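Novice: What follows is a protein structure lacking sequence information:
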């Protein structure tokens, strides 16, 4: 067995593993996006009060209010109105990012794995044909 045969075999194994993993990550990405739901843009106002820093916003015909979490302060700008997003089905939920980090991570991981799988498939095919 020559070195090209070994390269073709290793590349084929890598291709199968990464394409399967990328497909599973892509499926998990789709489910995570569905579970995350639809988030609509709105303007939120941050107010300092006796009970701590609160955020207020208008969604689905009503005003909503909640306490600002300590880790959300880095999302705030100096403006009075902050861009924010509320969940369409539950407008009392608010976040300051348009999308969740979990689907972003799964999408990036699936693209990386599928890219490695495609590259390994090409290497396996070229090495197998040359052998």
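Specialist: Perfect, thanks for sending it. Computed from a predicted model, the values in this text were never measured in an experiment. Numbering: from 1, shown residues only.
Novice: shaky segments in the chain?
Specialist: Within the chain, the set of residues satisfying pLDDT under 70 comprises 79.
Novice: Could you chop it up by domain?
Specialist: Domain assignment for the chain by automatic domain parsing gives 3-35+101-130, 37-95.
Novice: deepest of those, which one?
Specialist: Mean neighbour count, computed with mean count of other C-beta atoms under 10 Å, is highest for domain 3-35+101-130 among the domains of the chain, reaching a mean of 15. C-beta coordinates here come from the backbone N, C-alpha and C atoms, glycine included.
Novice: Show me how far that domain is from its chain's centre.
Specialist: Taking C-alpha atoms, centre = their mean, to the nearest Å, one finds the center of domain 3-35+101-130 at 18 Å from the center of the full chain.
Novice: so how far does it reach from one end to the other?
Specialist: Using C-alpha to C-alpha, to the nearest Å, the span of domain 3-35+101-130 from its first residue to its last is 11 Å.
Novice: How about the contacts made by the residue nearest the centre of the chain?
Specialist: Centroid check for the chain by C-alpha atoms, centre = their mean gives residue 104 as the closest residue, at 1.4 Å. With contacts taken as C-beta atoms under 8 Å, 6 or more residues apart in numbering, residue 104 has no neighbouring residues.
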